[in-house]
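In: need the 3D shape of this:
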Amino acid sequence: PEGGTVCGVILSSDKTNITNMCGGRVAHPLISLANIKMKVRNKASSHAFLLLALMPIPQFIHPVPRMCSVLQERLFHQCLDIV
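Out: Residues are numbered from 1 along each chain as shown. The predicted model follows:
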């Protein structure tokens, strides 16, 4: 639209234990790294990121392993739609 601005977004996610909060569970924290110089972005101590969401890592019980994969992918994309 007229007057709009394009903003670059880099999303990153990595499996992380959240044991202290949820009793041994894991999640994928979804973080944003846009518009930050690579030198700063890659240095963990700079804290140059923004936590957007904790994406679930579900354990579906289904006899067909392919169905579990499809359900996991579908849930992940539904969560991304919400974020």
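In: tell me the secondary structure for residue 3?
Out: coil (DSSP: H, G, I helix; E, B strand; the rest coil).
In: so who does it touch?
Out: Under the criterion of Cβ atoms under 8 Å, 6 or more residues apart in numbering, residue 3 has no contact partners. (Each C-beta comes from the backbone N, C-alpha and C, glycine too.)
In: and it, how far from residue 77?
Out: Using Cβ to Cβ, to the nearest Å, we find residue 3 at a distance of 31 Å from residue 77.
In: surely residue 9 is in contact with residue 32?
Out: Yes. Taking Cβ atoms under 8 Å as the definition, residue 9 is a contact partner of residue 32 at 6.2 Å.
In: more neighbours, those two?
Out: residue 32 (16 against 9; other Cβ atoms under 10 Å).
In: surely that one meets residue 8?
Out: No. Residue 32 is not in contact with residue 8 according to Cβ under 8 Å; the separation is 10.1 Å.
In: the protein: strands as residue ranges?
Out: 11-13, 16-17, 26-32, 50-56 (DSSP state E).
In: make CSV out of the ones you listed and add mean pLDDT and distance to residue 83.
Out: Converted to CSV, the strands of the chain look like this (pLDDT from 0 to 100; distance: least, Cβ to Cβ, whole Å):
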stretch, mean pLDDT, distance to residue 83
strand 11-13, 73, 9
strand 16-17, 72, 16
strand 26-32, 74, 6
strand 50-56, 78, 5
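In: buried deepest among those strands, which one?
Out: Highest mean neighbour count among the strands of the chain (mean count of other Cβ atoms under 10 Å): strand 26-32, with a mean of 16.
In: that strand relative to strand 50-56, how many degrees between them?
Out: Calculated by axes from the mean of the first three to the mean of the last three Cα atoms, to 10 degrees, strand 26-32 forms an angle of 150 degrees with strand 50-56.
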